[in-house]
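**Q** Next come a sequence and a model predicted from it.
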Amino acid sequence: MKSYERHTLDVKTDLSVKYRVDFPVFEHVTYLNSCSQGAIAKSVRQSFTTYLNSLELHGSTWGDWAGQQEKVRALLAKLFNVTPGEMAVTTSTSAAVSSLASALDFSSKRNRIVTTDNEFPAIGQIWHAQERRGARVTHVPSRSDNTVDVEKLIREINEETLLVSITLVCFRNGALTDIAPIIEAAKKAGALVLLDSYQGAGAMNLDLSKIGADFVVGGVLKYMLGAPGVGYMYTKAETTKNLIPSSTGWFAAKDIFKMGIHEYDPAIDARRFESGTPPIPSLYPAVAGLEYLLAVGMDEIVDYVSHLHDALRTGIEEIGGSIATPAHAHAAMLAVRSTDENALVAALETEKIITSCRDGNLRISPHFYNNMEDIDRTVTALAKHKALLKTS
């Protein structure tokens with residue numbers, strides 16, 4: 001018996017026994033691509049129908065639509081243990097960060113943005129776009145194990161640093177960033193901190209009231225079980241209230257029903273970072289997905305999925321695979337080095353196993369609806385297609 005098969009779970013703790021039935025995708029494939037898009041639950045699918053029914057029955061249900069956005073805001077606040085007033089509901093992470101960028105002043109000596117080589121393209125590109133406005137952007141190279149070089153990054157933070165922009169989990173290789181010392185160093189230097197939580201939220205237990213970042217961004221379509229079109233930004237009230245974006249829209253106004261056009265009167269809470277009419281069709285699945293996630297429970301999810309990851313890592317190592325995600329800095333996704341990542345994704349798809357790839361790595365991302373049979377099937381398939389794996 002292979003050692004990864006010994007990572008059995010007691011039925012009482014096997015979340016897939018209780019919840020997998022709600023995810024019809026498993027009737028067709030072995031789905032291990034939550035880092036791209038969470039599997040769709042029956043209740044999430046039904047939420048689209050609820051929205052469409054409202055159009056057919058009433059034509060326009062503005063009250064219901066606006067209420068959905070507030071439900072999303074409240075559910076995000078509950079998930080992250082913050083107040084609803086600290087959560088902006090946006091159309092994407094890019095929209096949130098662009099709004100934040102428009103609120104920053106790069107005309108003074110404090111105009112540096114310190115970031116890493118592990119960031120998602122949208123955020124890196126937004127910061128470089130600010131160079132036209134006077135921003136100076138510094139990237140800190142990653143270590144050979146794909147983790148952020150925390151010591152080097154901290155040395156880059158000084159009295160000229162306006163903002164430190166870091167990602168919690170790298171989308172290319174799954175490396176987890178040690179954010180606590182970075183945030184502490186930024187605070188000592190008087191700099192703000194933006195944390196990209198997209199590849200961790202919904203798979204990691206994130207208490208934003210304790211993390212200390214001034215801004216945290218992400219979206220709901222991955223481990224949070226929603227659909228494309230809804231992002232979020234947490235804004236720490238006591239450290240960000242002075243920042244007013246110039247990129248705005250009518251939903252960012254203090255009173256959206258005033259319909260004023262003769263002055264700029266932004267909301268005093270996180271809503272000031274929002275924009276125009278919200279992505280109403282996407283709000284419905286966002287509510288359904290967040291409700292489902294909260295019903296399962298983040299503590300239970302983190303504990304359960306850690307066993308799946310342990311078994312997956314052990315199995316891949318036993319067949320000689322090389323894992324890009326460092327064992328000491330491992331979060332929601334496991335990245336496996338490949339000789340041809342697109343060919344490997346395609347080969348697994350022929351085995352009805354759905355994954356994804358980035359930067360030469362196969363990405364495997366189990367969630368609470370996965371089970372040990374999924375892990376066993378995946379390791380077996382990787383052994384079959386070992387020619388596409390880089391060996392350790």
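**A** Looks like it came in fine.
**Q** from here on, contacts and neighbour counts on C-alpha atoms
**A** Will do.
**Q** For the stretch 1-150 of the chain, just list every one of the strands.
**A** 30-31, 87-90, 112-116, 136-140 (DSSP state E, counting those that start in this stretch).
**Q** how far does the second one sit from the chain's center?
**A** The chain centroid and the centroid of strand 87-90 are separated by 14 Å, computed with Cα atoms, centre = their mean, to the nearest Å.
**Q** Pick the most buried one from the strands of the stretch 1-150 of the chain.
**A** Mean neighbour count (mean count of other Cα atoms under 10 Å) peaks for strand 87-90 among the strands of the stretch 1-150 of the chain, with a mean of 28.
**Q** For that strand, name the packing helices and strands.
**A** helix 62-80, strand 231-235 (3 or more Cα pairs under 8 Å, 6 or more residues apart in numbering; DSSP states H and E).
**Q** neighbouring contacts of it?
**A** Outside strand 87-90, the residues that touch it by Cα atoms under 8 Å, 6 or more residues apart in numbering are 69, 72-73, 76-77, 96, 230-235, 270-275, 278.
**Q** what lines up beside that strand in the sheet?
**A** Paired strands of strand 87-90, with direction, are strand 231-235 (antiparallel) (DSSP bridges).
**Q** all strands in the stretch 201-350 of the chain, in order from the N-terminus.
**A** Assigned by DSSP E, counting those that start in this stretch, the stretch 201-350 of the chain shows strands spanning 215-219, 231-235, 334-337.
**Q** ok, now which residue in this protein is the farthest from the centroid?
**A** No residue in the chain sits farther from the centre than residue 262, which is 37.5 Å out by Cα atoms, centre = their mean.
**Q** Quick check: that residue vs residue 248, distance?
**A** Distance, residue 262 to residue 248, by Cα to Cα, to the nearest Å: 15 Å.
**Q** Repeat that for residue 148.
**A** 33 Å.
**Q** The two: which is more packed in?
**A** residue 148 (26 against 18; other Cα atoms under 10 Å).
**Q** Correct me if wrong: that one contacts residue 142.
**A** Yes - counting by Cα atoms under 8 Å, residue 142 is a contact partner of residue 148 at 4.7 Å.
**Q** thinking again about what came up before, need the strands of the stretch 1-150 of the chain in TSV (columns: distance to residue 123 and mean pLDDT).
**A** Compiled in TSV, these are given as follows (distance: least, Cα to Cα, whole Å; pLDDT from 0 to 100):
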stretch	distance to residue 123	mean pLDDT
strand 30-31	28	98
strand 87-90	15	98
strand 112-116	10	98
strand 136-140	12	98
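**Q** before we move on, the earlier item: which neighbours do residue 148 and residue 142 have in common?
**A** Counting by Cα under 8 Å, 6+ apart, the common neighbours of residue 148 and residue 142 are 116-118.
**Q** Could you find the closest non-adjacent residue to the residue nearest the centre of the chain?
**A** With distances taken as Cα atoms, centre = their mean, residue 198 lies nearest the centre of the chain, 1.3 Å away. In space, and not counting its chain neighbours, residue 198 is closest to residue 218: 4.2 Å by Cα to Cα, 6 or more residues apart in numbering.
**Q** ranges for the helices of the stretch 51-200 of the chain?
**A** Counting by DSSP state H, counting those that start in this stretch, one finds helices in the stretch 51-200 of the chain at the ranges 62-80, 93-103, 121-129, 150-156, 179-188.
**Q** Now the closest residue to residue 378 other than its chain neighbours. Its backbone dihedrals?
**A** Distances taken as Cα to Cα, 6+ apart place residue 353 nearest to residue 378, at 7.0 Å, with adjacent residues excluded. Per-residue torsions, residue 353: phi -120, psi 120 (degrees, to the nearest 10).
**Q** Cheers, nothing more for now.
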